[in-house]
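*Asks:* just coords:
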């Protein structure tokens, strides 16, 4: 081993001290209250903040492909789908030219991702292996939420301002029907128990039930206590529909066996996307004001655990069912797009 000379050691030490001094002199802006992850009594903790790249523009829905450990994120303002590797915790790719992308749904068994390109009123079909768009399918006006009925091999798309559901045959990637809803469409979900599609009609405060076998509306369910019912999530295990109402900042719980409202809860302002951890029975409701509301769901009993501020415009949330981590894309955190990753605290993770 050749040891450095005394003079070279002194020079190296001087450079190190100078670098530390320079770094110390650079003003570091503390995170604003809106950007910080608030400490609270909720059983949640922050894992990491990971830059997503792109412009500081709006994000929308997310969807997991658990088999490939990929999270597909709609970067609405950049008209692209960001592909995030949850095992490596880094961006794995991007799919450009998905005009004003809102909804995104990964269907692993098909090897495809379907994304609603609202700017062109179409669904763009993305091949998971190549991350290339392989088809563009016309929809009604302002396509948003997407659901998949696997037995019928059909995709259902909420045409929000068009007031309809576009139906797509995934075997041919062709539009096969448009179902009028007689009102503005909110989010759409598939119920594995009934094998039916449910969609919010947010200007009528109704939940509409569609039979994929006939593509006909089989029920219109009035939702008392709802106003602007946009967000929707189906918990088939408990036979419940969770409905997020942006008009009055409420979560409405509808019993799908009786089609009656079983409970109402206040949530953060302008609730939008919901996510559910099925094994931990934890429900998350994300809102435009950056507040995440957290609930525990048990048979016959739903309890609110509380609210927590997770970041600016944190209106989107997704859950990894294996790791129980939750993913919240943020439009601008310290001037950069960011994916904030949270997880239940160890004592609550079982």
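*Replies:* In hand now; what should we look at? All values derive from a computational prediction rather than experimental measurement.

*Asks:* for residue 49, see how far away residue 330 is.
*Replies:* The spacing between residue 330 and residue 49, counted by Cβ to Cβ, to the nearest Å, is 8 Å. All C-beta atoms are positioned from the backbone trio N, CA, C, and that covers glycine.

*Asks:* shared neighbours of the two, anything?
*Replies:* Counting by Cβ atoms under 8 Å, 6 or more residues apart in numbering, the residues touching both residue 330 and residue 49 are 338, 339, 340.

*Asks:* need the contact list for the closest residue to the last one other than its chain neighbours.
*Replies:* When the adjacent residues along the chain are set aside, residue 340 lies closest to residue 328, with 4.6 Å between them (Cβ to Cβ, 6 or more residues apart in numbering). Under the criterion of Cβ under 8 Å, 6+ apart, the contact list for residue 328 reads 286, 292, 310, 311, 314, 316, 317, 339, 340, 341, 342.

*Asks:* list the strands paired with the helix or strand harbouring residue 328, with their directions.
*Replies:* Using DSSP states H and E, residue 328 falls within strand 326-333. Pairing partners of strand 326-333, with direction, according to DSSP bridges: strand 318-319 (antiparallel), strand 336-344 (antiparallel).

*Asks:* what is the mean pLDDT for it?
*Replies:* The pLDDT scores in strand 326-333 average 97.

*Asks:* worst mean pLDDT across the helices and strands of the chain, which element?
*Replies:* In the chain, the helix or strand scored least confidently by mean pLDDT, DSSP states H and E is helix 6-25, which has a mean of 35.

*Asks:* neighbouring strands for the next helix or strand after it, and are they parallel or not?
*Replies:* Next helix or strand after helix 6-25 toward the C-terminus (DSSP H and E): strand 44-51. Using DSSP bridges, strand 44-51 pairs in its sheet with strand 336-344 (antiparallel).

*Asks:* which residues touch the strand it pairs with?
*Replies:* Outside strand 336-344, the residues within contact range by Cβ under 8 Å, 6+ apart are 37, 43-57, 59, 73, 75, 84, 89, 277, 280, 282, 310-311, 314, 323-333, 349.

*Asks:* gap between the residue nearest to residue 340 and residue 68?
*Replies:* Distance from residue 328 to residue 68, by Cβ to Cβ: 21 Å.

*Asks:* do the same with residue 213
*Replies:* Computed with Cβ to Cβ, the distance linking residue 213 and residue 68 is 31 Å.

*Asks:* which one of these two is surrounded by more residues?
*Replies:* When residue 213 is set against residue 68 and neighbours are counted by other Cβ atoms under 10 Å, the residue ahead is residue 68, at 17 against 13.

*Asks:* for that one, what are its contacts?
*Replies:* Contacts of residue 68 by Cβ under 8 Å, 6+ apart are 108, 128.

*Asks:* try 7 Å this time
*Replies:* Taking Cβ atoms under 7 Å, 6 or more residues apart in numbering, we find residue 68 in contact with residue 128.

*Asks:* again, but for the one 10 residues further on
*Replies:* Residue 78 makes contact with 54, 55, 57, according to Cβ under 7 Å, 6+ apart.

*Asks:* low pLDDT regions in the chain?
*Replies:* Scanning the chain for pLDDT under 70 picks out the ranges 1-40, 347-350.

*Asks:* try 90
*Replies:* 1-43, 298-301, 345-350 (pLDDT under 90).

*Asks:* quick one on the thing from earlier: nearest to residue 131 among the contacts of residue 328?
*Replies:* residue 339 (18.0 Å; Cβ to Cβ).

*Asks:* how far away is the closest one from residue 159?
*Replies:* In terms of Cβ to Cβ, residue 339 sits 29 Å off from residue 159.
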